[in-house]
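A.B. asks: next comes the sequence, and after it the predicted model I'd like to discuss.
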Amino acid sequence: MARRNVLITGCSSGIGLALAIKMAKDEQERFKVYATMRNLAKKDALEEAAGHNLGKTLEIKQLDVCDEQSIKTCVNSIPDRRIDVLVSNAGMGLIGPIECQTIDEMKTVMDTNFFGLVRLLKEILPDMKKRKSGHIVIISSVMGIQGILFNDVYAASKFAVEGFCESLAIQALKFKLQLSLIEPGPVVTEFERKVFEDGMKMDLSAADEETADMFTNIYLKNYKQIFQSLGQSAEEVAEHTVKIILAENPPFRHQTNTLYTPMTTLKYADPNGDLPIDIFYKMSPLFIHQGPVLHQGCLLPSFTSFPDVSPAWD
Ligand SMILES: NC(=O)C1=CN([C@@H]2O[C@H](COP(=O)(O)OP(=O)(O)OC[C@H]3O[C@@H](n4cnc5c(N)ncnc54)[C@H](OP(=O)(O)O)[C@@H]3O)[C@@H](O)[C@H]2O)C=CC1
Ligand SMILES: CC1=C(/C=C/C(C)=C/C=C/C(C)=C/C=O)C(C)(C)CCC1
């Protein structure tokens, strides 16, 4: 079988880097990887990890998902512009109270996480439609299904991605194209480090005392431990993603973290939508009393302990 051309965005670190390396080192050499990043000055880690695969099963190219021309130039540089698998991975986070974030900061998140995907598809989808073949793989998040405290705009950007893809997936059927949303829970990467550092530096003076206290003493205080106890590695997420790419009938949605699944399942358990919101609300004060509420390793609240601690908010 001919090698499949795979274009991955955001390969300077984290999931993009791990996935590019895993696919380039495939023992059966089933892939030619175009590993892209917006800033080529950051290519050393990828080059080093690629080793002898560099220039063979892996090429590094510049691509900024916020710049249409850079996407066009990159796609034009690929033989016949043929991309069999597109992995839209580039993304960024943003945490904190919205009172303390500027509209420009929020727009950058939407521009990268949502319009970044739209720009890629405007360039790549028409070719895939003509060929009637192609797999579009999007690194979404569990936050594309369910919001988390102090992640309002980031969750909105991933919800936008999911709604966009749900609509597009119907059209894609007509052209025999496949679409898959990969939904990781917390992953220990640069994303996690940057988001935490920015949160710690955040000027909270525009927020009232209670909000600032919730952000600092519940969210930030427990953040590292949540990522340590529940977090996956970029390599684990890459492994899941390769399985989806190789699947004969790839699913539309795939969650990578079974420890997180109990939380996302709550969304489907209550058509009114109150259950996950209530549970996240009641769970958060527990963090003040006993740290992360992990039952048998899962992010799953202990229902019996709620009545005792929930008044902590009031
Ligand atoms: N870490 C986590 O907990 C989770 C992450 N995700 C998603 O996974 C994806 C990858 O993140 P992750 O590996 O964790 O984080 P990293 O910060 O390690 O990687 C993000 C990558 O995206 C790149 N990027 C940012 N903006 C642009 C842009 N405008 N054009 C091209 N590339 C850009 C970064 O480049 P640069 O180095 O130049 O900034 C970097 O290469 C994101 O979509 C994220 O939302 C989903 C669930 C959980
Ligand atoms: C810290 C913390 C929480 C969890 C945070 C999580 C789970 C973050 C996940 C981030 C992801 C998945 C980012 C990328 O997409 C809770 C439970 C709200 C309670 C309050 C403290």
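C.D. replies: Looks like it came in fine. Ligands and ions are numbered 1, 2, ... in the order given.

A.B. asks: could you find the closest non-adjacent residue to E192?
C.D. replies: Nearest residue to E192, sequence neighbours excluded (CB to CB, 6 or more residues apart in numbering): F227, at 5.4 Å. (Each C-beta comes from the backbone N, C-alpha and C, glycine too.)

A.B. asks: name the helix or strand for the one you found, please.
C.D. replies: Here F227 sits within helix 221-230, counting by DSSP states H and E.

A.B. asks: any part of that helix near ligand 2?
C.D. replies: Yes - judged by CB under 6 Å from any ligand atom, helix 221-230 comes into contact with ligand 2 at N222, Y223, I226.

A.B. asks: which of those residues come close to ligand 1?
C.D. replies: Filtering these for proximity to ligand 1 (criterion: CB under 6 Å from any ligand atom) leaves nothing.

A.B. asks: any of these buried? List them.
C.D. replies: N222, Y223, I226 (16 or more other CB atoms under 10 Å).

A.B. asks: would you confirm that the last one contacts V188?
C.D. replies: Right, the one you point to is I226. No - I226 lies out of contact with V188 (CB atoms under 8 Å); the separation is 10.8 Å.

A.B. asks: show me which residues of the helix holding F227 are buried.
C.D. replies: Going by 16+ other CB under 10 Å, helix 221-230 has these buried residues: N222, Y223, I226, F227, S229, L230.

A.B. asks: does V65 sit in a helix, a strand or a coil?
C.D. replies: In terms of secondary structure, V65 is coil; the call rests on DSSP: H, G, I helix; E, B strand; the rest coil.

A.B. asks: same thing with Q146?
C.D. replies: Reduced to three states with three-state DSSP, the structure at Q146 is coil.

A.B. asks: quick one: neighbours of it, just the number.
C.D. replies: Q146 has 21 neighbours, counted by other CB atoms under 10 Å.

A.B. asks: residues touching L168, list them.
C.D. replies: For L168, the contact set (CB atoms under 8 Å, 6 or more residues apart in numbering) comprises L121, L179.

A.B. asks: so the strand or helix carrying it, near ligand 2 or not?
C.D. replies: L168 is part of helix 152-174 when elements are defined by DSSP H and E. No - residues of helix 152-174 contacting ligand 2 under CB under 6 Å from any ligand atom: none, with a closest distance of 6.8 Å.

A.B. asks: fine by me, thanks again.
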